[in-house]
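Colleague: I'd like to go over a predicted model; first the sequence, then the structure.
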Amino acid sequence: MPFLSSRSFLSSLGRLAALIVAVLAFSPLPASAVPSFARQTGLPCNTCHTNFPELTQFGRNFKLNGYVMSKGGKFVPPVSAMAQLAFTHTNKAQPGGAAPGFSDNNNVAPNEISLFYGGAIIPNVMGAFIQGTYDGAEKAVALDNTDIRAAQTETIGSKTLTVGMTLNNNPTVSDLWNTTPVWSFPFSTSVLGPEPGAATMIQGGFGQQVAGLGVYTMFNDLIYAEVDGYKTLSTGFQKFFGVDPTDEAQIHSLAPYWRLAVQHSWGPNYLSVGTFGMSASVFPGRVRTMGTDRLTDIGFDSQYQYSSDKNDAELMLSYITETQHLKASLPLGNAVNGRNKLHALNATATYMRDKTYGLTASYFSVTGSGDPTLYGTRTGLPDSNGYILEADWLPFNKNGGPSFWPMSSLKLALQYTGYTKFDGAKLNYDGSGRSASANDTLFLEGWLAF
């Protein structure tokens, strides 16, 4: 079962630390900074999270107000780390290996190792969530999700109004709910497991390759609205931060992103209903000779949450429809249709017992117009669907970590992903006789944050 050599591992950690330092160099840091999230607030992890990283209402408010809420006291750098060690088994071996340097099955490897700057940059004014990650499959370090924000809340009569700004590098990373793509379940999957090829643009098509500046507001803890504009970062900038821009679509001009949600709490119950979306004119594969494609994603989502002293339960639903006008891809030979549709559905139910034991079941589906050139599948269809079952144990979630590091978090997760359709078919999806179920993945992970 391949693993990293100690020299390669230490070298990668050094690059990861250097990356975080480089990111912070672009942020207006004071000489002293408040502690990171739990250390900054002095509150246990389950105040902000149910089954982390799922947010409670308190956690959503903490993010809404710019990551600056603090218990006061001595300032320390708001830096933390995360390590995920994982075992991956697929129902059938993956021909050629799960990834370069790994065997075709039963691999043990770091899934991800991350360093974070998480907390206030300017006390009571501006805060950030900045992540640099070592990918255990790619064996490379890159800037991951980043959200820098400032917010102010005022009372107008008997109503409250929060207004803020966000600078981020991934559409929906600024969102407060666990229904939009960046923060939706599954929160962690194997980097060595098979993944379907088709996904909507907003489901990660621009992650870490763009910069977005936006404004948001929450009125009376009821109505949330956000508008951002995204532009592709230069190739040099992406490479500097470890992101591979090869063959990815490039935004022409500015791509708008929008978010609207309504939320309401009563007793131990919480409900949100919303919509979100993005529209972008893009140069496919960064080729500018044939003009642009136009991709428009419109999503609808809802989240119900029940929280008591002992137990938590959630229902999360999202549906995204994408309209593709492929005016550039068609003459470039990248598609056979000038117009396509793509649809993505995710439905998740999760339960936490005694803030410690978690069970989650999720259904996912991607369907759309047939286009064999665009999707590269035998049937020409992008369709993939299946389910995920996960059991979690979070021993530190209720009472905190050990005495020598009380704000640490640990999750042990056993996850099974089953595919009923993969890249367009249930059987023989790749022309070599491989079935969708051959990609079923058993994933065992230890997830430590400290």
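Modeller: That came through fine.

Colleague: Need the per-residue pLDDT for Ser27.
Modeller: We have a pLDDT of 39 for Ser27.

Colleague: what's the answer for Arg39, then?
Modeller: At Arg39, pLDDT is 64.

Colleague: all helices for the protein, in order.
Modeller: 6-25, 38-41, 45-48, 57-64, 235-240, 329-332, 372-375 (DSSP state H).

Colleague: okay, which residue is most central for the protein?
Modeller: Nearest residue to the geometric centre of the chain (C-alpha atoms, centre = their mean): Val182, 2.7 Å.

Colleague: doesn't Asp175 make contact with it?
Modeller: Yes: in this structure Val182 lies within contact range of Asp175 using C-beta atoms under 8 Å: 6.9 Å. Heads up, the C-betas are built off the backbone N, CA and C, glycines and all.

Colleague: What residues does the residue nearest to the centre of the chain make contact with?
Modeller: Asn145, Asn170, Pro171, Thr172, Val173, Asp175, Gly204, Gly207 (C-beta atoms under 8 Å, 6 or more residues apart in numbering).

Colleague: One more pass at 7 Å, please.
Modeller: Asn145, Asn170, Thr172, Val173, Asp175 (C-beta atoms under 7 Å, 6 or more residues apart in numbering).

Colleague: Could you dump those into JSON lines and include neighbour count and distance to Val227?
Modeller: JSON lines is the format used below for those (neighbours: other C-beta atoms under 10 Å; distance: C-beta to C-beta, whole Å):
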{"residue": "Asn145", "neighbour count": "21", "distance to Val227": "20"}
{"residue": "Asn170", "neighbour count": "23", "distance to Val227": "16"}
{"residue": "Thr172", "neighbour count": "25", "distance to Val227": "13"}
{"residue": "Val173", "neighbour count": "21", "distance to Val227": "15"}
{"residue": "Asp175", "neighbour count": "28", "distance to Val227": "13"}
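
Colleague: so how far is Glu138 from Gly446?
Modeller: 20 Å (C-beta to C-beta, to the nearest Å).

Colleague: what does Phe450 give?
Modeller: 24 Å.

Colleague: Next: Leu260.
Modeller: Leu260 is 36 Å from Glu138, by C-beta to C-beta.

Colleague: ditto for Val163
Modeller: In terms of C-beta to C-beta, Val163 sits 39 Å off from Glu138.

Colleague: and if you look at Ala391?
Modeller: From Ala391 to Glu138 the distance is 28 Å (C-beta to C-beta).

Colleague: what sits up against stretch 87-101?
Modeller: 2, 103-108, 137, 190, 192-194, 437-444.

Colleague: avg pLDDT for it?
Modeller: 95.

Colleague: That one: end-to-end distance?
Modeller: With C-alpha to C-alpha, to the nearest Å as the measure, stretch 87-101 spans 15 Å from end to end.

Colleague: Now do the buried residues in that stretch.
Modeller: Phe87, Thr88, His89, Thr90, Asn91, Gln94, Ala98, Ala99 (16 or more other C-beta atoms under 10 Å).

Colleague: And for stretch 262-278?
Modeller: Result for stretch 262-278 [16+ other C-beta under 10 Å]: buried residues Gln263, Tyr270, Ser272, Val273, Gly274, Phe276, Gly277, Met278.

Colleague: Can you tell me who the fourth one pairs with across the strands?
Modeller: If I follow you right, that is Val273. Val262, Ser302 (DSSP bridges).

Colleague: hang on, isn't it packed against Val262?
Modeller: Yes: counting by C-beta atoms under 7 Å, Val273 does reach Val262; the two are 5.6 Å apart.

Colleague: who touches Thr296 in this structure?
Modeller: Thr296 touches Ser279, Glu322, Thr323, counting by C-beta under 7 Å, 6+ apart.
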